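Enquirer: Here's a sequence, model it:
(one chain, ligands or ions: 2)
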Amino acid sequence: MNEHVKQLRNQLDGVDQQLLVLLSERVRIAGAIGQTIESLGLPKNDPAEEKRALNEITKHNPGPIDQAALERLFKEIYALSRERPQTGGGRKLLVSRQTKSEDTIIRVKNAVFGGGSHVLIAGPCSVESREQLRAMAAAMKSVGVGIMRGGAFKPRTSPYDFQGLGLEGLKMLKEVADEYDMVTISEIMTPSQLESAAEYIDIIQIGARNMQNYDLLKAVGQTNMPVLLKRGIAATLDEFVLAAEYIMASGNEQVLLIERGIRTYEKWTRNTLDISAVPLLKQETHLPVLVDVSHSTGRKDILLPCAKAALAAGADGIMVETHPNPQAALSDAAQQINIDEFYSFWGGLRGSGLYKSAE
Ligand code: PEP
Ligand code: MN
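Expert: Ligands and ions are numbered 1, 2, ... in the order given. Purely as a prediction, here's the structure:
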């Protein structure tokens, strides 16, 4: 090849490298501006600001690029800078799809979370007795549902309400789960509960109220147990994703996200199920995404349509609170469904054609 052309091509490569460095720097700064603006509660996109910046560029155009082409090019660059955050000051997050494009699949015994199949998690709000757990476990296993939830450390709004059976409750949960060969999920509220609790449960739940308890997130991040992280009561998706990042950044890759409704002005439901969170979290992260239809709605009559909506939106599974005798439940009595209601909910979900079992 002609030596001169070769030289010019080398020069071009050098310019491209510099452009890349500058473009990356631009995206990083734009991300930092976006984060600050967001934390101040201001609108993220400012068309007037983009127009001003574009005017500056075209005013100082040294040629030979014509004005229209320059505008097109910079509009493209602005769009690039506006793309979804690299939340965390431009850093690529471990939870992000940009870091890992394939779905994270979490296997716990014979349960599979993520990767295209679905799971149903059922069980009481609180562990209350062996009899209660046995009745529920028998009903669940009779229809092939093998993942049981049950809280023993309960985060209650009032200090005078039932606070859970603590470690004794977890022992009961394990005893019954072993009898019925089930996978268990239960919440822990402090790092100090973690070590003893880990012996008795398969999946640790971090409750909505503790989503931003960073010491707890770091502590579960240092275990090798799967963690079901609930979205905070008023958490933005950025905050939710960054809470998951805490767990991953501490070394634990087994994180499951669960949308459980957020607090809005709406009173007909206990919380507002943010269904758009499902496709967004699936798009932006590689983690399994579940939907808790009980705490989001707080009512029994719309569980099935909400669960169907969740699956249609791409959720990897559903959590529903069930109790052999909901009227007598020591927590969340109004939203838990009884065994017959559970059978019909499960039948409806499977009958919808949306639910896909593993295997
Ligand atoms: C629960 O799952 O029982 C619970 C307390 O849920 P949340 O943390 O979503 O309120
Ligand atoms: Mn509950």
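
Enquirer: OK, contacts around Ile37?
Expert: Counting by C-beta atoms under 8 Å, 6 or more residues apart in numbering, Ile37 makes contact with Pro43, Lys44. Yep, even glycine has a C-beta here, placed from its N, CA and C like the rest.

Enquirer: In space, what's closest to Phe162 - neighbours in sequence excluded?
Expert: By the measure of C-beta to C-beta, 6 or more residues apart in numbering, the closest residue to Phe162 outside its immediate chain neighbours is Leu330, 4.1 Å from it.

Enquirer: And Glu259, by the same measure?
Expert: Of all residues apart from its sequence neighbours, Ala277 sits closest to Glu259 (C-beta to C-beta, 6+ apart), at 4.6 Å.

Enquirer: got a pLDDT number for the residue nearest to Phe162?
Expert: Here the pLDDT value assigned to Leu330 is 98.

Enquirer: ok, now which ones touch it?
Expert: Listed by C-beta under 8 Å, 6+ apart, the contact set of Leu330 reads Ser126, Glu128, Phe162.

Enquirer: What separation is there between the second one and Glu321?
Expert: Going back to what we said before, that points to Glu128. According to C-beta to C-beta, to the nearest Å, Glu128 and Glu321 sit 13 Å apart.

Enquirer: Could you do the last one as well?
Expert: Distance of Phe162 to Glu321, given as C-beta to C-beta: 15 Å.

Enquirer: Met211 now?
Expert: Applying C-beta to C-beta, one obtains 19 Å for the distance of Met211 from Glu321.

Enquirer: All the strands of the stretch 101-250 of the chain, residue numbers only.
Expert: With DSSP state E, counting those that start in this stretch as the definition, the stretch 101-250 of the chain shows strands at residue ranges 106-108, 111-113, 119-123, 147-149, 183-187, 203-206, 227-230.

Enquirer: Show me which residues of the protein sit near ligand 2.
Expert: Cys125, Asp332 (C-beta under 5 Å from the ion).

Enquirer: Go through the chain and flag its longest helix.
Expert: With residue count as the measure and DSSP state H as the assignment, the chain has helix 3-39 as its longest helix.

Enquirer: For Thr269, grab the count of nearby residues.
Expert: Other residues within reach of Thr269 by the criterion other C-beta atoms under 10 Å amount to 15.

Enquirer: Can you get me a residue count around the residue of the chain at minimum distance from ligand 2?
Expert: Of the residues in the chain, the one nearest ligand 2 is Cys125, at a distance of 3.3 Å by C-beta to the ion. Using other C-beta under 10 Å, Cys125 has 24 other residues around it.

Enquirer: For it, give its distance to ligand 1.
Expert: 5 Å (C-beta to the nearest ligand atom, to the nearest Å).

Enquirer: Assign the residue lying closest to that residue once chain neighbours are set aside to helix, strand or coil.
Expert: Nearest residue to Cys125, sequence neighbours excluded (C-beta to C-beta, 6+ apart): Asp332, at 3.9 Å. In terms of secondary structure, Asp332 is coil; the call rests on DSSP: H, G, I helix; E, B strand; the rest coil.

Enquirer: Then Ala307 would be within a helix, right?
Expert: Yes - according to three-state DSSP, Ala307 belongs to a helix.

Enquirer: Against ligand 1, how distant is the residue nearest to Glu259?
Expert: 13 Å.

Enquirer: Let me see the ranges of the helices in this protein.
Expert: With helices called from DSSP H, the chain shows them at 3-39, 47-59, 67-82, 130-142, 167-180, 191-198, 214-221, 237-249, 277-284, 293-297, 303-312, 339-351.

Enquirer: Highest mean neighbour count out of those?
Expert: Per residue and on average, the most neighbours among those fall to helix 293-297, with a mean of 26 (mean count of other C-beta atoms under 10 Å).

Enquirer: contacting residues for Asn61?
Expert: Counting by C-beta under 8 Å, 6+ apart, Asn61 makes contact with Gln67, Leu70.

Enquirer: sorry, back to before: most neighbours among the contacts of Leu330, please name it.
Expert: For the contacts of Leu330, neighbours were counted using other C-beta under 10 Å, and Ser126 has the most, 26 neighbours in all.

Enquirer: Would you mind listing what in the protein touches ligand 1?
Expert: For the chain, the residues found near ligand 1 under the criterion C-beta under 6 Å from any ligand atom are Cys125, Gly151, Pro155, Gly207, Ala208, Arg209, Lys230, Arg260, His295.

Enquirer: Just to check, Ala138 is in contact with Glu179?
Expert: No - with contact defined as C-beta atoms under 8 Å, Ala138 does not reach Glu179; the gap is 9.3 Å.
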